[in-house]
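Student: Sequence and predicted model, in that order:
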Amino acid sequence: MTVALQMSRAESATADRPTLEECYARHRAFVFHRCLRYGAGNVAFAEEVTQDVFVKLLEHLPRLRDTHDLGGWLNRVTANLAITRLRRERSLLGKLQALWVSTERADTDTAQQVVERKQTSGHVLEALRTLPPRERVIICMNVLDGASQREIARTLDLSEGYVSKLLQRSLQCLAAAGWEVDDVER
């Protein structure tokens, strides 16, 4: 009787775990969006890192306890894989990347507004490309994703002090390039 009860609990726990397909359908857009930011708008980079994240998830899904673990795990793995890939592809970061305009905005914006936004986006991406990979991911997580330094530290498994130092360093680099970043939690 005890063995049957243990088996039914194991089956129940397995039934509660989402499949890879369910995880992909539910979290792909989130992971891709983060990768796109970390890659400074490089779609190919975002697609490759997104694929790597879900390959890693395939390996680790049986060990994740429940769906509450999944969000944090995906966030951490996405950031770490992005940093690794950025370091590896550092020589390619200087290449000009194609910028896109949201179809929602394109319908209401004048041609001049579209051109100005593309130029500004290009300058921002250039400034982001000057940052080392870890600093780029941290500034994106903080400024673009709204993550606190505590959340970033937990996600990347770093101390809050180190995250603060890297954030300050990246802000100084951006300021030296002529950019001011407002509303940054310090």
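Tutor: Here it is on my side, so go on. Worth saying up front: this structure is predicted, and the values here are computed from it rather than measured.

Student: Show me where the chain dips below the pLDDT cut-off.
Tutor: Applying pLDDT under 70 to the chain flags the ranges 1-17, 65-68, 88-109, 113-114, 117, 120-121, 180-186.

Student: Pull the distance from stretch 74-93 to the chain's centre.
Tutor: Between the centre of stretch 74-93 and the centre of its chain there are 9 Å (CA atoms, centre = their mean, to the nearest Å).

Student: List the buried residues of that stretch.
Tutor: For stretch 74-93, the neighbour count (16 or more other CB atoms under 10 Å) marks 74-75, 77-83, 85-86, 89, 93 as buried. For glycine as for every other residue, the C-beta is placed from the backbone atoms N, C-alpha and C.

Student: Go ahead and confirm Val77 touches Val55.
Tutor: No - checked against CB atoms under 8 Å, the pair Val77 and Val55 is beyond contact range at 10.3 Å.

Student: one step back: mind picking the one among the buried residues of stretch 74-93 that's closest to Glu59?
Tutor: Val77 (10.4 Å; CB to CB).

Student: sorry, back to before: make a markdown table from the buried residues of stretch 74-93 and add secondary structure and distance to His60 to it.
Tutor: Shown next, in a markdown table, are the buried residues of stretch 74-93 (DSSP: H, G, I helix; E, B strand; the rest coil; distance: CB to CB, whole Å):
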| residue | secondary structure | distance to His60 |
| --- | --- | --- |
| Leu74 | helix | 10 |
| Asn75 | helix | 14 |
| Val77 | helix | 8 |
| Thr78 | helix | 13 |
| Ala79 | helix | 16 |
| Asn80 | helix | 13 |
| Leu81 | helix | 13 |
| Ala82 | helix | 17 |
| Ile83 | helix | 18 |
| Arg85 | helix | 18 |
| Leu86 | helix | 22 |
| Glu89 | coil | 24 |
| Leu93 | coil | 29 |
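
Student: What residues does Val53 make contact with?
Tutor: Contacts for Val53 (CB atoms under 8 Å, 6 or more residues apart in numbering) come out as 31, 35, 74, 77-78, 81.

Student: Check which helix or strand it maps to.
Tutor: Applying DSSP states H and E as the criterion places Val53 in helix 43-60.

Student: which non-adjacent residue is nearest the residue positioned nearest the centre of the chain?
Tutor: With distances taken as CA atoms, centre = their mean, the residue of the chain nearest its centroid is Arg34 (2.9 Å). Nearest residue to Arg34, sequence neighbours excluded (CB to CB, 6 or more residues apart in numbering): Thr78, at 5.1 Å.

Student: chain center to stretch 129-143: distance?
Tutor: Using CA atoms, centre = their mean, the offset of stretch 129-143 from its chain centre is 10 Å.

Student: That stretch: end-to-end distance?
Tutor: Distance across stretch 129-143, first residue to last, is 15 Å (CA to CA, to the nearest Å).
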